[in-house]
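J.: take this sequence and fold it.
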Amino acid sequence: MDEVDNIIIVTLRQIGCGIPDEVIHLSDFSSELIVEGVVRCLKMINEELDLPLRLPESMSVRFRIGTALAEACKEVGYGGEIGYQTFLYSNVEGVRRLFMYLVEKLPREGAAASDEPAGSSALFNRAFTDELARLLLTRWTPSFCKEKGIARAAKQGKFHWEGAIGSNRFNVCPVHGPRGLADLTTQITKGQRQYFNHQLAWITSQPLPTFRVVASLQEWNAKDVTAAHDWEAEWSTAGLRSGLSEQEYRQQKKDQLKKRLGDTLRSSVQQSTSAASRFGDFGELLQSFTARSGHQQDKGTRFTHARELQFTQAEEAPEEVVHADTAEDMMQKREDELNALHTRLEELSAQLDSMEMDIKKFTTNLGRLTELTKAVQGDNVEKEEEYKIAKQVMELLPNADENIVKLQELITSSAQRLVKLAEQWEQRRVALISQYRELKELNSNKMSATQTMLSEINSMRAEMKELAADGRSKEEHHKQLVGEYERMSKDLNRAAYTRRILEILNNIRKQKTEIEKVLSDTRIVQKEINTMGGQLDRTFTVTDELIFKDAKKDETCRSAYKLLANLHESCGLLVAAIEETGVTTREIRELEDQLEKEQKKKTASNLQQITADFEQMQQENQALKAKAKGKA
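T.: The predicted structure is shown next:
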């Protein structure tokens, strides 16, 4: 069982159990190590379980934790005998069976790694989980024991840092760096080089304050990566379909953007100009209507009257001092003025409403008159054309015959000219049609070749992306395997384990062969015993019958018959005694095995432990009783 114990201990160490190096057998496990190993195995099987890794000092809590662990083991399918005594008063055989079952139930990391994609997030989650598991094994340090929020603690000869300082919010600032240096085939100008070397500030000194450097660099890099990804997607779709080179496509896109901006600016300027002219025309129209109503000089807005009222009050203040009017007179004057202004305001509002109605009427009439004017102008143009034709006809009427002859000659010459033009056009059309067909065929061939090239380029780009993704996944999987290899214990010897497993298999095979031999021998012996028993019974029956026949006549045969019966009975008793001896020997062997098992169960030490725990529970009960009496 040493090999089994060694495999179990190595597995428990791999899942995070803090087993000392001097522990090499399960018989050396204490209750604390058993509880920790079982809890870690159960948490890996079922992550939702919430069980403590350490046993407390209180005995009652220990019993409850042991019972909870036994129930959890039964829930995962363990069918052996288990209870709180398995963890508190353990025996090697029961602990070995339990750990063998739990180790077999552990999830296989290799299968999960082969089924699930090994991405950067999976690597990060695994590293994060391992770091949390390592930190959970360390002792907590209070904040007042840390210098500037950081403490240095030691565990198993290693040091680690606790706490964090310098944490800030993610605030970014715009940063600028050298551009165009990634492509080594292009040369930058002397002025750019001088600017990059002497005028451009360092990246670390551009953000203020300096703790924004990391966030700003992350934002800058994210923008570059996003822009490159967007350009790659656009070029692979619209850029390749355009048939232009990359530089030509960029220049075309830049020209289109400039044109769009220019059109937008021109439309904005035109809209602002038309709005200004419209508001100016409306002001002039309002001024003309105001002047026509005759109130341009003696009427104003409410703001004008408020200003006049203010200056009037300021000018009349000395008079009030001179005349020494009373407060009631002043209030009366103000009320009168206010009433007059309200009346004037109502009159102006009514006039303004009437003017607005007039403006609306004039605008409606102006639109209708504009449409009527356009219609009249169209009629005038048609009538002018008719007038010109009628005038020419009237001029031709005095010499009608001569003019008819001239018109016929003109028509004939025009027809001949049209025929010549048609012949020339037919000749030219044939050549143009043939040229058009040739150009169309060349264009179609060119387009088909272009489409073929585009499809090949797209397929190659897709294949390149798939190969790149496959390469990245394999690289991440290689990193994951390297990380797992580095986390594995280096003191393991695969050849030694393989040799041990083969030796165990050979021993099992030999034992199985020997057991089969023993069983076959037992079957043969049992068969021989049955055969001999049958022969003996048949021989005794025949002998008994022969001797019994002669015993009636001869006295010697009668005594021989009695001796035969006694011999048969003695042989039966002897066989029964031998069988009972074998049964007794087998029972003795079983009792010896049970005694050996009981000795392995450490009954004496467990009894001492139970006695000590019982005394501790009595002391805890007495303390609780004393505390309850003190509260009462």
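J.: and Pro52, which of the three is it?
T.: For Pro52, the assignment made with DSSP: H, G, I helix; E, B strand; the rest coil gives coil.
J.: hmm, which helix or strand of this protein has the shakiest average pLDDT?
T.: One helix or strand of the chain scores below all others by mean pLDDT, DSSP states H and E: helix 109-115, with a mean of 43.
J.: heading C-terminal from it, find the next helix or strand.
T.: helix 120-136 (DSSP states H and E).
J.: extract the CA atoms of that next one and return them as PDB.
T.: The C-alpha coordinates for helix 120-136 follow below in PDB (Å, rounded to 0.1, in the frame of the first residue of the first chain):
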ATOM      1  CA  SER A 120      -5.700  34.200 -22.500                       C
ATOM      2  CA  SER A 121      -8.800  34.600 -20.300                       C
ATOM      3  CA  ALA A 122      -8.600  30.900 -19.200                       C
ATOM      4  CA  LEU A 123      -4.900  31.300 -18.400                       C
ATOM      5  CA  PHE A 124      -5.600  34.500 -16.500                       C
ATOM      6  CA  ASN A 125      -8.500  32.900 -14.500                       C
ATOM      7  CA  ARG A 126      -6.300  29.900 -13.600                       C
ATOM      8  CA  ALA A 127      -3.400  32.100 -12.500                       C
ATOM      9  CA  PHE A 128      -5.800  34.200 -10.500                       C
ATOM     10  CA  THR A 129      -7.300  31.200  -8.800                       C
ATOM     11  CA  ASP A 130      -3.900  29.800  -8.000                       C
ATOM     12  CA  GLU A 131      -2.800  33.100  -6.500                       C
ATOM     13  CA  LEU A 132      -5.900  33.300  -4.400                       C
ATOM     14  CA  ALA A 133      -5.400  29.800  -3.200                       C
ATOM     15  CA  ARG A 134      -1.800  30.700  -2.200                       C
ATOM     16  CA  LEU A 135      -2.900  33.800  -0.400                       C
ATOM     17  CA  LEU A 136      -5.600  31.900   1.400                       C
END
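J.: same question for it, mean pLDDT?
T.: Helix 120-136 shows a mean pLDDT of 73 in the predicted model.
J.: equivalent analysis for stretch 225-233, please.
T.: 86.
J.: mind listing what's buried along it?
T.: Buried residues in stretch 225-233, counted by 16 or more other CB atoms under 10 Å: none are found. C-beta: built from backbone N, CA, C; applies to glycine.
J.: now that stretch - C-alpha only, CSV.
T.: Backbone C-alpha positions of stretch 225-233 (Å, rounded to 0.1, in the frame of the first residue of the first chain) are rendered in CSV as follows:
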residue,chain,number,x,y,z
VAL,A,225,-5.5,48.9,-32.4
THR,A,226,-9.1,49.8,-33.1
ALA,A,227,-8.2,52.1,-36.0
ALA,A,228,-6.0,49.3,-37.5
HIS,A,229,-8.8,46.8,-37.1
ASP,A,230,-11.4,49.1,-38.7
TRP,A,231,-9.1,49.9,-41.6
GLU,A,232,-8.4,46.2,-42.1
ALA,A,233,-12.1,45.4,-42.2
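J.: Gly180 contacts Thr189, doesn't it?
T.: No - applying CB atoms under 8 Å as the test, Gly180 and Thr189 come out as separate, 9.8 Å apart.
J.: isn't Arg461 up against Ser236?
T.: Yes - using CB under 8 Å, Arg461 makes contact with Ser236 at a distance of 6.0 Å.
J.: give me the residues contacting the helix or strand hosting Gln192.
T.: Here Gln192 sits within helix 190-194, counting by DSSP H and E. For helix 190-194, contacts defined as CB atoms under 8 Å, 6 or more residues apart in numbering pick out Gly180.
J.: CA atoms only: put it into CSV for me.
T.: Provided in CSV are the C-alpha atoms of helix 190-194 (Å, rounded to 0.1, in the frame of the first residue of the first chain):
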residue,chain,number,x,y,z
LYS,A,190,15.0,65.8,-41.6
GLY,A,191,12.5,68.2,-40.0
GLN,A,192,10.5,65.3,-38.6
ARG,A,193,13.6,63.7,-37.2
GLN,A,194,14.6,66.9,-35.5
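J.: helices or strands next to the helix or strand just after that helix in the packing?
T.: Using DSSP H and E, the next helix or strand after helix 190-194 towards the C-terminus is helix 213-234. If you count contacts as 3 or more CB pairs under 8 Å, 6 or more residues apart in numbering; DSSP states H and E, helix 213-234 packs onto no helix or strand.
J.: pull the distance from helix 213-234 to the chain's centre.
T.: Chain-centre distance of helix 213-234: 20 Å, with CA atoms, centre = their mean, to the nearest Å.
J.: having no further points to raise, I will conclude here.
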